[in-house]
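Novice: Pasted the sequence and its predicted model underneath.
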Amino acid sequence: MVNKIFALAVFIGVPISVIGSLLHWPSILMFIVYCLTIIALSSFMGRATESLAIVAGPRIGGLLNATFGNAVELIIAIFALREGLTEVVLASLTGSVLGNLLLVAGLSFFIGGLKYKVQTYNVFDARHNSGLLMFAVIVAFVIPEVFSISMNESETLTLSIGISIILILLYLAALFFKLVTHRGVYQTENNKEGGAAGSHHEEVPEWSVKRSILILALATLAVAYISENLVHTFEIVAESFGWSELFIGIIIVAIVGNAAEHASAVLMAYKNKMDISVEIAIGSTLQVAMFVAPVLVLLSLMFPTNLSLVFSLPELVSMASAVLLMIIISNDGETNWFEGATLLAAYLIMGVGFYLL
């Protein structure tokens, strides 16, 4: 039933998005249409990546889900960069980190915990990801802020470029470590292909590999077109609702841009496939911090307005707090509904704070 609703939203939303952009319909109306259509398209991307995950296994499946989920946000950010909206881009990166670690993981732990008293996942992956989270978010994002105090704008951009290159190289090395040199080394009973205990029955993917890839490609193209038009509505919507660019980036863009992985992670947790769910939530955060953000810094060199990895103090404190809370909760390889509620409570507190800024 839900899939039929999303399908209807796509078949109605995409034509309306095209017609509305050509006829210049009111920006607030089109902002709503664009957001709903992107979320509906994201559901197709989520179903396609879930089909691929069944064939490829939890690690590669989680990576695929995070990659195509972040593709939506990357596309939105590129068009925002082209318009010179660097604050929105930095805010969307912050929102993605907070959304994945607190909202996505929190909902997954909470929904899964309501069905199962205790859910387990690969503790070795959790500890490995903890170190990367500390490096990617706290070290790589805090260092530019600290050093930029005594640097001019050109030096800060040079520092950001250098850090971006290092982050991309380390991210590629991390993928090589997990998927090649140490694949299967840190195995647990709950990390076998197919997910957690209790879900070892063989699943049949909804779509074939070829069909999944085709749907992913078409959905990504549609999202690219709609995202470009969505960016043009930000300023008018912000003025109309009294929202800051910070709030739009951290809450609105992050939720819309990550809709696919949000839904997939919660669904996997409900099916007790916590290895995939955690891989989506934490893996997506790492990809945003170590790949998406650096790529945006390098791409911004082609635009009039360049992007530096210098976040505001509220953004840095929020991201650091989310990372530390997630590490403390996830390092034991077990979770329950109360831990999910704790993460959600932290997200709501930060959301209220950014709304009032």
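Specialist: Structure received. These numbers come from a predicted model, not from an experiment.
Novice: quick one: stretch 320-330 to chain centroid distance?
Specialist: 16 Å (Cα atoms, centre = their mean, to the nearest Å).
Novice: try stretch 35-55
Specialist: On the basis of Cα atoms, centre = their mean, the separation between the geometric centre of stretch 35-55 and that of its chain is 13 Å.
Novice: go on, stretch 168-188?
Specialist: With Cα atoms, centre = their mean, you get 20 Å for stretch 168-188.
Novice: Any chance you could give me that stretch in PDB, C-alpha atoms only?
Specialist: Output in PDB follows, covering the C-alpha atoms of stretch 168-188 (Å, rounded to 0.1, in the frame of the first residue of the first chain):
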ATOM      1  CA  ILE A 168      39.000  11.300   0.300                       C
ATOM      2  CA  LEU A 169      42.200   9.100   0.300                       C
ATOM      3  CA  LEU A 170      41.500   7.800   3.800                       C
ATOM      4  CA  TYR A 171      37.900   7.100   2.900                       C
ATOM      5  CA  LEU A 172      39.000   5.000  -0.100                       C
ATOM      6  CA  ALA A 173      41.500   3.200   2.100                       C
ATOM      7  CA  ALA A 174      38.800   2.500   4.700                       C
ATOM      8  CA  LEU A 175      36.600   0.900   1.900                       C
ATOM      9  CA  PHE A 176      39.600  -1.100   0.700                       C
ATOM     10  CA  PHE A 177      40.200  -2.300   4.300                       C
ATOM     11  CA  LYS A 178      36.600  -3.300   4.900                       C
ATOM     12  CA  LEU A 179      35.700  -4.800   1.500                       C
ATOM     13  CA  VAL A 180      39.100  -6.300   0.400                       C
ATOM     14  CA  THR A 181      42.000  -6.800   2.800                       C
ATOM     15  CA  HIS A 182      39.900  -7.500   6.000                       C
ATOM     16  CA  ARG A 183      36.600  -8.700   4.500                       C
ATOM     17  CA  GLY A 184      35.200 -11.500   6.700                       C
ATOM     18  CA  VAL A 185      38.100 -11.200   9.200                       C
ATOM     19  CA  TYR A 186      36.000  -9.800  12.000                       C
ATOM     20  CA  GLN A 187      33.000 -12.100  11.800                       C
ATOM     21  CA  THR A 188      30.400 -12.700  14.400                       C
END
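Novice: Would you indicate which residues of that stretch are buried?
Specialist: Counting neighbours by 16 or more other Cβ atoms under 10 Å, one finds that the buried residues in stretch 168-188 are Ile168, Leu170, Tyr171, Ala174, Leu175, Lys178, Thr188. C-beta: built from backbone N, CA, C; applies to glycine.
Novice: for stretch 266-275, same thing?
Specialist: Quick answer for stretch 266-275 (16+ other Cβ under 10 Å): Val266, Leu267, Met268, Ala269, Lys271, Asn272, Lys273, Met274, Asp275.
Novice: Pull the most distant pair out of those.
Specialist: Val266 and Asp275 (14.7 Å; Cβ to Cβ).
Novice: burial measure for the residue lying closest to Ala174 once chain neighbours are set aside, as a count.
Specialist: Closest residue in space to Ala174, ignoring its immediate chain neighbours: Leu132 at 6.2 Å, by Cβ to Cβ, 6 or more residues apart in numbering. Leu132: 18 surrounding residues under other Cβ atoms under 10 Å.
Novice: same question, Lys117
Specialist: Neighbour count for Lys117, taken as other Cβ under 10 Å: 8.
Novice: That one - nearest residue in space that isn't next to it in sequence?
Specialist: Nearest to Lys117 is Asn336, by Cβ to Cβ, 6+ apart, at 6.6 Å.
Novice: Quick check, that neighbour in contact with Val118.
Specialist: Yes: Asn336 lies in contact with Val118 (Cβ atoms under 8 Å); the separation is 5.7 Å.
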